[in-house]
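Trainee: Everything below, folded, please.
(one chain, ligands or ions: 1)
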Amino acid sequence: MTQWYDVIAGVYDHFSQRHYKQPRKVLVDRLDLKSGDNVLHIGCGTGLSFSLIIDKIGPDGTLIGLDVSQKMLAQAEKKISKHGWQNVHLLHADARELSAELLKDHLGQDMTIDHAVGELSFSVMPDWRLVMENALGLIKDGGKFGVLDGYRAKKDWINSALNFLPQSNISRPISDYLCELTQECRVQTFGRYKIIFVAIGTKAQNLSNDDMI
Ligand SMILES: C[S@@+](CC[C@H](N)C(=O)[O-])C[C@H]1O[C@@H](n2cnc3c(N)ncnc32)[C@H](O)[C@@H]1O
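Mentor: The predicted structure is shown next:
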């Protein structure tokens, strides 16, 4: 998988930028990001949504983009240099290794993760359920977890064609799983075949004993 994205990194934006403009915007808008928020972007690739996120979190927020492909991250780095963003940290790692220690080692400090996103990445990466569980564990209570991806249960030619270029598996029930893990989960589909979706859930608040009286 790393190798595939290393190969297509240079042309990735050309194929991907236009198609997902609307769902990317819907995803970022529905996260209700505030100035100063810290956002974890899992499988961030070339950073096609970075500017949308940075517009919301401002210079006081932090965006951590994690990806296993060095070449995709190199494209993201170009966007960072071009815009002069000082608050984006790129983390070259396999999402299956995601943990508080990994983030601390990279950032040099503990950081509260307010929200997490995964765009077109959970249909690609192995052990996606485990990665989603680990990511949710890192988000603060009440934080949002947003996913943009594709889903088509039917394993027909449309399914095969859509999986071909990104080497994905859009038969995975990603939005269902996100909604199992989170609260107040909302899913919106896009396009004629309703394959592209944006799903956003909220991490449950940990109730203290006082809250339960
Ligand atoms: C289809 S691209 C999506 C990139 C970007 N999120 C976007 O929306 O344009 C999938 C990304 O997931 C990354 N990826 C795949 N497996 C991964 C893993 N195990 N850990 C981290 N990133 C991974 C790939 O390197 C690639 O950049």
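
Trainee: What sits closest to the residue in the chain positioned nearest to the ligand if chain neighbours are left out?
Mentor: Closest contact between the chain and the ligand, by CB to the nearest ligand atom, is at Gly45 (2.5 Å). Just so you know, the C-beta spots here come from the backbone N, C-alpha and C atoms, and that holds for glycine as well. For Gly45, the nearest residue in space outside its immediate sequence neighbours is Met72; the separation is 4.5 Å by CB to CB, 6 or more residues apart in numbering.

Trainee: number of nearby residues for that neighbour?
Mentor: Applying other CB atoms under 10 Å, we find 25 residues neighbouring Met72.

Trainee: can you list the residues of this structure near the ligand?
Mentor: Taking CB under 6 Å from any ligand atom as the criterion, the chain approaches the ligand at residues 1, 5, 16, 43-45, 48, 66-69, 72, 94-96, 119-121, 124-125, 166.

Trainee: run the last query once more with 5 Å
Mentor: Along the chain, the residues adjacent to the ligand under the rule CB under 5 Å from any ligand atom are 1, 5, 43, 45, 48, 67-69, 72, 94-95, 119-121, 124-125, 166.

Trainee: Can you turn the buried part of the residues you listed into a ChimeraX selection?
Mentor: What follows is the ChimeraX syntax for the buried subset of the residues of the chain next to the ligand, where burial is set by 16 or more other CB atoms under 10 Å:
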select :5,43,45,48,67,68,69,72,94,95,119,120,121,124,125,166
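
Trainee: Distance of the nearest residue to Asn159 once chain neighbours are set aside relative to Ser171?
Mentor: Computed as CB to CB, 6+ apart, the closest residue to Asn159 that is not its neighbour in sequence is Arg152, at 4.9 Å. Per CB to CB, to the nearest Å, Arg152 is found 7 Å from Ser171.

Trainee: So which residues of the chain form strands?
Mentor: In the chain, strands defined by DSSP state E lie at 38-42, 62-67, 88-92, 115-119, 144-150, 183-190, 196-202, listed in chain order.

Trainee: Sort out which residues of the third one are buried, please.
Mentor: Looking back up the chat, that one is strand 88-92. Neighbour-count burial for strand 88-92, counted by 16+ other CB under 10 Å, picks out 88-91.

Trainee: which one among these gets closest to Asp55?
Mentor: Val88 (12.7 Å; CB to CB).

Trainee: Thought Ile57 was touching the closest one, still the case?
Mentor: No. Contact between Val88 and Ile57 fails when scored by CB atoms under 8 Å: they sit 10.1 Å apart.

Trainee: low-scoring pLDDT stretches of the chain, where are they?
Mentor: Filtered on pLDDT under 70, the chain yields the residue ranges 1-2, 207-213.

Trainee: run the last query once more with 50
Mentor: Flagging of the chain using pLDDT under 50 yields the residue ranges 213.

Trainee: Quickly note the distance from the nearest residue to Arg129 once chain neighbours are set aside to Val26.
Mentor: Using CB to CB, 6+ apart and skipping the chain neighbours, the partner closest in space to Arg129 is Tyr177 (6.0 Å). As for Tyr177, its distance to Val26 is 20 Å (criterion: CB to CB).

Trainee: got it, and Leu162?
Mentor: Here the distance between Leu162 and Val26 works out to 20 Å (CB to CB).
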